[in-house]
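Asks: Predicted model follows, preceded by the sequence.
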Amino acid sequence: MRTFNTNAKAESRLSTSVWPHGIGPPYIAEDEARTALALTLAELRNPSNPPSVDHRTLKAFIDEEVDKIVAARRAKQASSDGAPDFVLCASHNLAPIIQEAAGLEKGFHESKAFKKEYKSWEKSVDRQ
């Protein structure tokens, strides 16, 4: 999601996903997507992070955060009498929400280890 605007393959993958917020095929299998969306944030977060007592599901958390973004944009448009021009952006809106839900550190996607694993994953997805 972070490379949606600069990576044609990422854009194509996300554009073809029919799963809510892009969590599902082609990124992960349907059964894995259902499991991931049903996990609580407490279950999802990395054990090395401080304990979480947040028992909202990943789906509920994403839906709540997206609703906040949309409400803020609508309020801004209403106060400026502007025409609606808002589109939820995968790299600027969804990726940070999922990052927060998983308890990932800011800038994790810039690490060499992540980039190496991402390239490997991308090759495996492209072969499907």
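Replies: That came through fine.
Asks: can you map out the helices along the chain?
Replies: Along the chain, counting by DSSP state H, helices occupy 8-16, 30-38, 41-44, 58-80, 95-102, 112-127.
Asks: quick one, the fifth one and helix 58-80 angle?
Replies: Using axes from the mean of the first three to the mean of the last three Cα atoms, to 10 degrees, the inter-axis angle of helix 95-102 relative to helix 58-80 is 140 degrees.
Asks: just to revisit the earlier point, out of the helices of the chain, indicate the one that is most buried.
Replies: Of all those, helix 95-102 has the most neighbours on average by mean count of other Cβ atoms under 10 Å, namely a mean of 18. (Glycine included, C-beta is placed from N, CA and C.)
Asks: ok, and what's touching it?
Replies: Contacts with helix 95-102, where a contact means Cβ atoms under 8 Å, 6 or more residues apart in numbering, come from 1-2, 21, 23, 41, 44-46, 58, 61-62, 65-66, 106, 108.
Asks: Show me which of those is closest to Val87.
Replies: Val66 (12.2 Å; Cβ to Cβ).
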